[in-house]
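In: Okay, sequence plus prediction incoming.
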Amino acid sequence: MKFVLLFGPQAVGKMTVGQELAKITGLKLFHNHMTIDLLEPLYGFSEEMWRLTHLFREEIFKSFSASHHYGMIFTYVWAFDQQKDWDAVENMSAIFSAQGADTYFVELEADMDVRLDRNKTPHRLQNKPTKRNLEQSEQHLKSTMKKLRLNSYPGEIEQENYLRLNNEQLTPEIAAQMIKEHFNL
């Protein structure tokens with residue numbers, strides 16, 4: 001079993017790179033908006049929505065990690081200055097590690113201007129209904145960058161299987177191929 005945590009700020013390309021990585025590896029993609037977009041129409045962006053999102057994800061991780069699948073890619077926006085996010089990442093990793101899975105951390109980064117452009121792409125909007133209000137989505141992206149640190153400092157990630165990619169100039173296909181080759185997936 002393989003568990004690939006694909007993380008970085010909003011609109012950096014996590015889902016799209018994850019889709020390409022899934023195509024060439026046989027890993028299953030579970031992108032973070034699969035739970036958000038399920039629950040947001042019912043609860044809005046409320047505490048209850050986030051509680052259920054985390055609960056659903058944890059149960060999916062437990063079930064999947066005990067399965068006979070090759071592995072999972074999960075996308076995540078990791079706020080490095082928030083202990084709860086460190087705890088969430090530790091919990092995810094522990095669920096898979098307890099089942100003998102190999103874990104891989106892939107961090108994507110791109111400048112704000114690139115991410116603002118990507119935030120409006122038809123592919124993103126098709127796959128993430130809560131991003132379709134472009135004004136709200138762009139405002140959230142900008143305000144989050146002011147409040148939270150969404151990329152790691154050099155040396156901060158101590159995971160043995162770790163790769164950091166600036167994917168500003170990379171196609172999703174090339175980024176996915178680089179990840180596959182780096183970890184021999």
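Out: On my side now, so go ahead.

In: Show me the shaky parts of this protein.
Out: Along the chain, segments meeting pLDDT under 70 span 125.

In: Helices of that one, residue ranges please.
Out: 14-25, 33-43, 47-65, 83-97, 112-118, 122-127, 134-147, 172-183 (DSSP state H).

In: List the contacts of the shortest one.
Out: Which is helix 122-127. Ala11, Met15, Thr16, His31, His33, Arg118, Lys131, Arg132 (C-beta atoms under 8 Å, 6 or more residues apart in numbering). For glycine as for every other residue, the C-beta is placed from the backbone atoms N, C-alpha and C.

In: of those residues, closest to Glu160?
Out: For the contacts of helix 122-127, the residue nearest Glu160 by C-beta to C-beta is His31; the value is 24.4 Å.

In: give me phi/psi at the closest one?
Out: Dihedral pair for His31: phi -90, psi 150, per degrees, to the nearest 10.

In: you'd agree it is up against Val17?
Out: No: in this structure His31 lies outside contact range of Val17 using C-beta atoms under 8 Å: 10.2 Å.

In: Pick out whichever of the contacts of helix 122-127 sits closest to Met92.
Out: Nearest member of those to Met92, counting by C-beta to C-beta, is His31, at 13.9 Å.

In: and the strand of greatest length in the chain, which residues are buried?
Out: Secondary structure assigned by DSSP state E gives strand 102-109 as the longest strand of the chain. Across strand 102-109, burial judged by 16 or more other C-beta atoms under 10 Å covers Thr103, Tyr104, Phe105, Val106, Glu107, Leu108, Glu109.

In: same check, this time on stretch 81-98
Out: So for stretch 81-98, counting by 16+ other C-beta under 10 Å, buried means Asp85, Ala88, Val89, Met92, Ser93, Ile95, Phe96.

In: so what's the residue nearest the centre of the chain up against?
Out: The centroid of the chain falls nearest to Thr75 when counting by C-alpha atoms, centre = their mean (1.7 Å). Taking C-beta under 8 Å, 6+ apart, we find Thr75 in contact with Leu6, Phe7, Lys14, Met15, Gly18, Leu29, Phe30, His31, Asn32.
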